[in-house]
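K.L.:
have a look at this fold, sequence not included:
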Ligand code: KG4
Ligand code: ZN
């Protein structure tokens, strides 16, 4: 089964083509095996960087420009071609999907309108379009663990993984879930204010590091002392599985206000980055660990843009080892936004006979 996916929820335009081995059976303990045939990502970072964040209308303009270019790259044909190349490409697809949400609505609509237009292109080529379903960006992050190389190379079945605790840490969300099996999950908690990635971006801005902040805070943090400053660990001792990162961000702001020399000293800036990471990750790890214990989980699944942080991966891996549970995370390229994960989520939705309407839902949750 070949799935063609479109992702335009934020500042990456992405198209992917993935193949699912057709011997996957829903009621068995096996896991679906995916082959990513193509995963093209066109990043708009340079365009939004001068503004210190994503500008929705600029994102929309760039998606509109990038989508036909990526389509040509993935199919070898232009959208308005009427030749064998486009026909063969369209005919080879069994399911089309696009991110319905969450995300920036003007950006989401560009992807949705693109697949609606594809439907017309099938008709213009005298072909019947395959099923088209909306996918959920957060489900994409959640199921991106299926790209973990351990699943491809080791004999791992769903019995080794579930129940699992999943931690999604991105620029827009911080969510902890209990995943009972491939199709069923329950949200345990989420951030009540800023997302973890958002806090990274804001701290980077305070330190004049640039945008997006996560990788820059990580790079400088590697040179700093994580114990230099004792930033607060918001909600660490509360029973709930919710998070809050806005207080931590404000503590960094106050620290910089009270220590004006920091901004002129790379070593002190590195200490702020390392101490901020230590505080943020402490909360993520302690809450995940508590959930693992409470629900007797067999594994922890880490995903989202912040999961590209090597220190976070190392710390979660260590905690998983101590708790004697397995640790899964996708390869780095599938942590930040990409259409391959949107295709995987669509496949799971397809198995459940579900799918989201082809309408932008900026606030869609999991
Ligand atoms: O999942 P993602 O690409 O987009 C959303 O769905 O939000 O996540 C982007 C977020 C940004 O806030 C970015 O700063 C953060 O992920 N990020 C990182 C790292 N790489 C990306 N945060 C910490 N360390 C990193 N290495
Ligand atoms: Zn994302």
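P.N.:
In hand now; what should we look at? Since the model is a prediction, treat every value here as computed from it, not as a measurement. Numbers count the residues shown, from 1 in each chain. Ligands and ions are numbered 1, 2, ... in the order given.

K.L.:
isn't there a helix covering residue 364?
P.N.:
No - going by DSSP: H, G, I helix; E, B strand; the rest coil, the assignment for residue 364 is coil, not a helix.

K.L.:
shaky segments in the stretch 1-150 of the chain?
P.N.:
Across the stretch 1-150 of the chain, nothing is flagged by pLDDT under 70.

K.L.:
residue nearest the centroid of this structure?
P.N.:
Nearest to the mean C-alpha position of the chain, counting by Cα atoms, centre = their mean, stands residue 304 at 3.4 Å.

K.L.:
check what pLDDT it gets.
P.N.:
Here, the pLDDT recorded for residue 304 equals 97.

K.L.:
next, the contact list for it, please.
P.N.:
Applying Cβ atoms under 8 Å, 6 or more residues apart in numbering to residue 304 gives the contacts 141, 167-170, 173, 197, 335. For the C-beta atoms, the positions are set from N, CA and C on the backbone; glycine is no exception.

K.L.:
next one: it from ligand 1, what distance?
P.N.:
According to Cβ to the nearest ligand atom, to the nearest Å, residue 304 and ligand 1 sit 5 Å apart.

K.L.:
so what's that residue closest to, chain neighbours aside?
P.N.:
Leaving aside its chain neighbours, residue 304 sits nearest to residue 170 (3.5 Å; criterion: Cβ to Cβ, 6 or more residues apart in numbering).

K.L.:
which residues touch that neighbour?
P.N.:
Residues in contact with residue 170 (Cβ under 8 Å, 6+ apart) are 141, 195-197, 304-306.

K.L.:
helix or strand for the nearest residue to residue 240 once chain neighbours are set aside, which one?
P.N.:
Distance criterion Cβ to Cβ, 6+ apart; nearest residue to residue 240, sequence neighbours excluded, is residue 189 at 5.7 Å. Secondary structure from DSSP states H and E places residue 189 in strand 185-190.

K.L.:
and what of residue 177?
P.N.:
Per DSSP H and E, residue 177 falls inside strand 174-179.

K.L.:
who does that strand pair up with?
P.N.:
Sheet pairing of strand 174-179 (DSSP bridges) gives strand 164-169 (antiparallel), strand 185-190 (antiparallel).

K.L.:
which one of these is the most hemmed in?
P.N.:
Highest mean neighbour count of those: strand 164-169, a mean of 28 (counted as mean count of other Cβ atoms under 10 Å).

K.L.:
can you classify residue 197 by secondary structure?
P.N.:
Here residue 197 is recorded as helix under three-state DSSP.

K.L.:
pretty sure it is touching residue 214, no?
P.N.:
Yes - using Cβ atoms under 8 Å, residue 197 is in contact with residue 214, at 5.8 Å.

K.L.:
touching both of these two, which residues are there?
P.N.:
Contacts common to residue 197 and residue 214, judged by Cβ under 8 Å, 6+ apart, are 171, 305-306.

K.L.:
so residue 38, which of the three states?
P.N.:
When classified by three-state DSSP, residue 38 comes out as strand.
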